[in-house]
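Student: Return atomic coordinates for the entry below.
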Amino acid sequence: MQRSPTLALAAAVEAARASGERVYSLSTPTFQERAANLNLEMASTLLPPPQGSSRLRAVIHDTMLGKWNLPNHDVLITAGAKAAVLSTLRASCRAGDRVAILAPCWPSYADIVRMLFMEPVLFETRFEDGFAVDPAALAATMAKTGAGAVLLSNPANPTGRIHPGHEIDEIVGVAREFGALLLIDESFSGVVFARDKWHESTCSAYERLVVVNSFSKSHHLQGLRVGVCAAQGQLFEDIVSAHQTAASTASSLSQAAVLALLDAGDELPDYGREREMSMGFVRDRGWDCCPSEGSFYVFPRTDGIDAFEVAGSARNVYMLRGEVFGPTYVDHFRLCFGKPAAELERIFTLLRGS
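Tutor: The predicted structure is shown next:
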């Protein structure tokens, strides 16, 4: 296991700023404080039910999970998306099992798998194919490794790709063939640009399908640590047991805050302008890049990554290189446009001379 490289970069930037330096991160978001938006007058300090607040679960079922037709799935409120992923894998797999992770991917996935004494197997998609999933190749990986689970993000971090519905169905077919868990992390579901594609990005019902979501990114509520996990039958009960053992339940104060925001009609962020600014910067540099369909990331490819990183560091702009998200992506880096437009323009101004 390792310290999260994404959190480490964000912490280093904040520490430098606290000491008076003007530094920037090209690869992590800058969220505004939202405490003033919270109304906790009705909050309780009592321990909530293990599954979470019944009203919050009902609201989530109709909103965050509204595009899914999963009548047999129940909803669990978790202490963040990481806790949802960890509890699901702990409930469905055993120590020594292998977990296929679609790459490029959020590095914490592999660390969570290792924490459970399981083995991550990266299934690396290719930039040349638009990071699409070849179901035959995935099936071959499952057969070769004996993986008991498939884990993916949708919209994808760091590529911003939305998996089309037919592809999700093909992945379900592979999971069903091998009796494997399919875990889909939709933590960026509130930051979507290809809306029609997103609403079609579902699959037929599958008893070993688990859908995870979070309020951290879409609602800028990282510090509240509120996640969502939808599963069915005995698998749902086992996930609740695993989560209850690790965290008891998600914080009552955090659940109340999220529910208050949803009741007030909390608006999801609109990063359309910042997305266009980022793609313009990428085009001006002559880099290859798939446009972001969701999330606030893109994953450009450049032949001069070493020189670009050195030049950026000299201007106090720091980044996460592509190999953080998978060993073959050495000529990529993650560009995050989840920040105020003025900050993004300042970063691009600094980098245009590099």
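Student: use CA for all of it now, contacts and neighbours both
Tutor: Noted.
Student: What are the boundaries of the helices in the stretch 1-150 of the chain?
Tutor: Counting by DSSP state H, counting those that start in this stretch, the stretch 1-150 of the chain has helices at residues 5-18, 54-62, 81-92, 108-115, 135-145.
Student: Could you give the number of residues near the closest residue to residue 105 other than its chain neighbours?
Tutor: Nearest residue to residue 105, sequence neighbours excluded (C-alpha to C-alpha, 6 or more residues apart in numbering): residue 325, at 5.0 Å. The tally of other residues near residue 325 (other C-alpha atoms under 10 Å) stands at 27.
Student: Contacts only, for residue 325.
Tutor: 103-107, 158 (C-alpha atoms under 8 Å, 6 or more residues apart in numbering).
Student: hmm, back to that, possible to save the helices of the stretch 1-150 of the chain as TSV with mean pLDDT, mean neighbour count and distance to residue 296?
Tutor: Output for these, formatted as TSV (pLDDT from 0 to 100; neighbours: other C-alpha atoms under 10 Å; distance: least, C-alpha to C-alpha, whole Å):
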stretch	mean pLDDT	mean neighbour count	distance to residue 296
helix 5-18	79	15	14
helix 54-62	94	16	22
helix 81-92	98	23	17
helix 108-115	97	20	18
helix 135-145	98	15	27
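Student: Between those helices, which one is closest to residue 344.
Tutor: helix 5-18 (14.9 Å; C-alpha to C-alpha).
Student: Residues touching the closest one, excluding its own?
Tutor: For helix 5-18, contacts defined as C-alpha under 8 Å, 6+ apart pick out 22-25, 28, 107, 318-320, 324.
Student: what's the spacing between it and its chain's center?
Tutor: Here helix 5-18 shows a centroid-to-chain-centroid distance of 19 Å under the convention C-alpha atoms, centre = their mean, to the nearest Å.
Student: now the angle between helix 108-115 and it, please.
Tutor: Per axes from the mean of the first three to the mean of the last three C-alpha atoms, to 10 degrees, the angle that helix 5-18 makes with helix 108-115 is 120 degrees.
Student: Enumerate every residue touching the residue positioned nearest the centre of the chain.
Tutor: Closest to where the C-alpha atoms of the chain average out (C-alpha atoms, centre = their mean) is residue 187, at 4.6 Å. By C-alpha under 8 Å, 6+ apart, the contact set of residue 187 is 81, 153-155, 212-218.
Student: now that we have the contacts of helix 5-18, which one has the most neighbours?
Tutor: With neighbours taken as other C-alpha under 10 Å, the top of the contacts of helix 5-18 is residue 24, carrying 27 neighbours.
Student: So that residue sits against residue 313, correct?
Tutor: No: contact between residue 24 and residue 313 fails when scored by C-alpha atoms under 8 Å: they sit 9.5 Å apart.
Student: hmm, who's touching the host helix or strand of residue 260?
Tutor: According to DSSP states H and E, residue 260 maps onto helix 252-263. Contact partners of helix 252-263, identified using C-alpha under 8 Å, 6+ apart, comprise 37-40, 42-48, 52-53, 56, 215, 224-226.
Student: can you tell me which residues contact residue 28?
Tutor: Residue 28 sits next to 6, 9-10, 335-336, 338 when contact means C-alpha under 8 Å, 6+ apart.
Student: re earlier: to residue 342, which of the helices of the stretch 1-150 of the chain lies closest?
Tutor: Closest of the helices of the stretch 1-150 of the chain to residue 342 is helix 5-18, at 16.9 Å (criterion: C-alpha to C-alpha).
Student: circling back: got CSV for the contacts of residue 325, with pLDDT too?
Tutor: Output for these, formatted as CSV (pLDDT from 0 to 100):
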residue, pLDDT
103, 98
104, 98
105, 98
106, 96
107, 95
158, 98
